[in-house]
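**Student:** fold the following.
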Amino acid sequence: MRLERIEWDGVDAAACAREVRELVPALGHVTREVGEIIVAVGLRGDAALRELGVRFGEVPVESFRVDPGLIEAAPSLIDADVQEALVVAARNIARVSRAQAETLLRPVSVELEAGQRIEVGAAPVASAAVYAPGGRGAYPSSVLMGAIPARVAGVGRLVVASPPGPSGRPPDAVLAACATAGVEEVYAVGGAQAIAALALGTDSIETVDVIVGPGNRYVTQAKRLLAGRVGIDGIAGPSELAVVADGTASPELLALDLCAQAEHGDDSLVVAISTDPALLDRVAELAEALAAARPSVADAVLGLVTAPGLERGLMLADALAPEHLELAFRGADEASARGRVAGCVFVGAGGATAFGDYAAGSNHVLPTGGAARFGGPLGPGAFMRRTSVVHVGSAAAAELAPHVAAIAAVEGFPVHGESALARVKR
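**Tutor:** Below is the predicted model of the structure:
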């Protein structure tokens with residue numbers, strides 16, 4: 001683990017946040033490579049998927065589509081405690097998703113003064129895909145986080161794409177999660193090429209309306225470049241954790257939490273912000289020792305920021321807008337968490353980010369790279385399209401048409417005005 005110390009004077013939170021973010025590479029560094037992958041898949045379809053898979057170290061597969069029978073059998077092939085954990089996590093994710101969906105699916109109808117009525121309603125998209133990363137391990141949790149909100153939203157065709165393991169198919173734990181979430185259409189393909197195939201289509205893979213799920217910077221950049229051609233959940237790239245702590249926090253727990261997020265890869269951003277330099281020194285010492293003894297902890301950068309006061313530390317966290325934020329100071333509670341700019345905020349004695357990553361019921365597909373300023377956790381809303389229905393009766397048309405014509409004339413669209421006024425003449 002690489003340590004970077006920053007002594008912040010508390011003057012310019014945005015500038016300090018930029019300095020912290022510059023500790024890891026920006027997503028734009030892979031734009032050219034990802035663009036070339038997308039073009040290749042768009043032009044040559046399955047053939048490009050096979051070539052790219054070999055180039056990036058994937059096991060060659062006869063068929064990208066995984067046999068549904070293998071998915072059905074997968075729960076029996078994994079340890080019973082893992083299957084039980086998947087069921088518990090799925091149940092919690094579903095309860096939170098259903099609570100969200102009840103609000104989202106409720107239509108809104110507004111009767112306005114002139115008599116026109118506007119109705120806004122939501123309906124599920126026809127098809128969606130969940131990307132479950134591979135590479136360093138299996139990620140069944142990502143299947144649950146994406147597929148269960150989609151099912152709750154009512155998506156008809158649901159697909160999972162995940163890189164093949166040594167067997168030529170995604171790991172059994174991933175397939176077991178697919179079975180738990182009721183997904184039968186699974187493709188053994190990964191990386192930016194998987195995103196391109198789902199967005200553009202190939203002979204083997206039919207396009208979808210929305211793609212969700214986390215991934216490395218290649219996957220994330222592919223989603224960004226293809227947004228518009230296909231709907232995406234947001235920018236969910238390399239993992240991030242910021243901790244705001246004072247001298248009462250446990251350095252042992254903080255070091256564990258930071259190392260846990262560093263397991264996601266060496267491009268993860270893990271940051272400790274504190275008013276107490278001695279706490280940061282101890283966290284750094286413990287994190288280095290933990291990382292050295294645990295091969296799963298990647299060589300990520302640990303940023304250690306000294307802040308002149310707790311309020312300034314929270315201000316810096318808001319400017320950073322991290323994916324995950326832990327509040328580890330005296331008096332930290334739900335009230336201090338509300339209004340924070342982060343994808344997910346953790347408070348309380350048991351407030352480890354790991355709970356949100358797996359089984360608490362919140363979603364671990366979260367905005368990264370500062371996108372928490374305008375984005376949020378994945379939920380049923382990502383799988384819904386909204387439609388407005390406008391009813392304009394004759395009385396409403398008579399009252400509104402002159403206003404329409406006046407604004408249209410200013411904008412240089414006189415035929416818009418004619419179109420509205422024609423309703424009045426009739």
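
**Student:** check which element follows the worst-scoring helix or strand of the chain on mean pLDDT along the chain.
**Tutor:** Lowest mean confidence among the helices and strands of the chain (mean pLDDT, DSSP states H and E): helix 334-337, at a mean of 83. Downstream of helix 334-337, the next assigned helix or strand under DSSP states H and E is strand 344-346.

**Student:** what's in contact with that next one?
**Tutor:** Applying CB atoms under 8 Å, 6 or more residues apart in numbering, the contact partners of strand 344-346 are 323-327, 337, 352-353, 355-356, 362-364, 366, 377. All C-beta atoms are positioned from the backbone trio N, CA, C, and that covers glycine.

**Student:** now the very next helix or strand once past that strand: how far from the chain's centre is it?
**Tutor:** Counting by DSSP H and E, the element after strand 344-346 in chain order, helix or strand, is helix 353-358. Its chain's C-alpha centre and that of helix 353-358 lie 14 Å apart, by CA atoms, centre = their mean, to the nearest Å.

**Student:** next helix or strand past helix 353-358?
**Tutor:** Helix 353-358 is succeeded, C-terminally, by strand 384-391 (DSSP H and E).

**Student:** so which bits of that next one are buried?
**Tutor:** residue 384 (16 or more other CB atoms under 10 Å).

**Student:** report the mean confidence score over it.
**Tutor:** Strand 384-391 carries an average pLDDT of 93.

**Student:** quick one: low-confidence ranges for the stretch 201-350 of the chain?
**Tutor:** The model of the stretch 201-350 of the chain has no residue with pLDDT under 70.

**Student:** that older thread, C-alpha coordinates for the least confident helix or strand of the chain, CSV please?
**Tutor:** Listed in CSV are the C-alpha atoms of helix 334-337, where the atom choice follows Å, rounded to 0.1, in the frame of the first residue of the first chain:
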residue,chain,number,x,y,z
GLU,A,334,-28.0,9.6,11.1
ALA,A,335,-28.4,13.3,11.5
SER,A,336,-24.8,14.0,10.7
ALA,A,337,-25.0,11.6,7.7
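
**Student:** who touches that helix?
**Tutor:** Contacts for helix 334-337 (CB under 8 Å, 6+ apart): 314, 327, 345, 347.

**Student:** quick one: neighbours of the third one, just the number.
**Tutor:** The burial metric for residue 345, expressed as a neighbour count using other CB atoms under 10 Å, is 23.

**Student:** tell me the domain ranges of the protein?
**Tutor:** 2-24+238-360, 28-107+126-236, 392-425 (automatic domain parsing).

**Student:** just curious, which of the contacts of helix 334-337 is nearest to residue 16?
**Tutor:** residue 314 (12.9 Å; CB to CB).

**Student:** now do the SS call for the residue lying closest to that closest one once chain neighbours are set aside.
**Tutor:** Closest residue in space to residue 314, ignoring its immediate chain neighbours: residue 244 at 5.8 Å, by CB to CB, 6 or more residues apart in numbering. Here residue 244 is strand, with the state taken from DSSP: H, G, I helix; E, B strand; the rest coil.

**Student:** distance of residue 244 from residue 338?
**Tutor:** According to CB to CB, to the nearest Å, residue 244 stands 15 Å off from residue 338.

**Student:** re earlier: can you pick the most crowded of the contacts of helix 334-337?
**Tutor:** residue 327 (27 neighbours).

**Student:** end-to-end on stretch 345-356?
**Tutor:** 9 Å (CA to CA, to the nearest Å).

**Student:** show me what counts as buried in that stretch.
**Tutor:** 345-347, 351-354, 356.

**Student:** likewise for stretch 151-163?
**Tutor:** Neighbour-count burial for stretch 151-163 [16+ other CB under 10 Å]: 151-153, 155, 158-163.

**Student:** how far is that stretch from where the chain is centred?
**Tutor:** 15 Å.

**Student:** may I have that stretch as CSV, with CA atoms only?
**Tutor:** Below are the C-alpha coordinates for stretch 151-163, written out as CSV (Å, rounded to 0.1, in the frame of the first residue of the first chain):
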residue,chain,number,x,y,z
ARG,A,151,-36.9,-7.8,-11.2
VAL,A,152,-38.7,-5.6,-8.7
ALA,A,153,-39.0,-2.9,-11.4
GLY,A,154,-40.7,-5.5,-13.7
VAL,A,155,-38.1,-5.9,-16.4
GLY,A,156,-39.1,-8.6,-18.8
ARG,A,157,-35.8,-9.8,-20.3
LEU,A,158,-32.9,-9.7,-17.8
VAL,A,159,-29.4,-10.7,-18.8
VAL,A,160,-26.1,-11.1,-16.9
ALA,A,161,-22.7,-10.8,-18.5
SER,A,162,-19.6,-11.9,-16.6
PRO,A,163,-16.1,-13.1,-17.7
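
**Student:** just the mean pLDDT for that stretch, thanks.
**Tutor:** Averaged across stretch 151-163, pLDDT comes to 96.

**Student:** what ranges do the strands span in this protein?
**Tutor:** 2-7, 108-111, 117-124, 127-131, 157-162, 185-188, 210-212, 231-232, 240-245, 269-274, 301-306, 324-328, 344-346, 384-391 (DSSP state E).

**Student:** need the winner for burial among the ones you listed.
**Tutor:** Per residue and on average, the most neighbours among the strands of the chain fall to strand 127-131, with a mean of 29 (mean count of other CB atoms under 10 Å).

**Student:** who touches that strand?
**Tutor:** 142-143, 146-147, 150, 155-162, 183, 194-195, 198, 206-215, 219, 383.

**Student:** swap the cut-off to 6 Å and go again
**Tutor:** Strand 127-131 is contacted from outside by 146-147, 150, 155, 157-161, 198, 208-213, 215, 383, using CB atoms under 6 Å, 6 or more residues apart in numbering.
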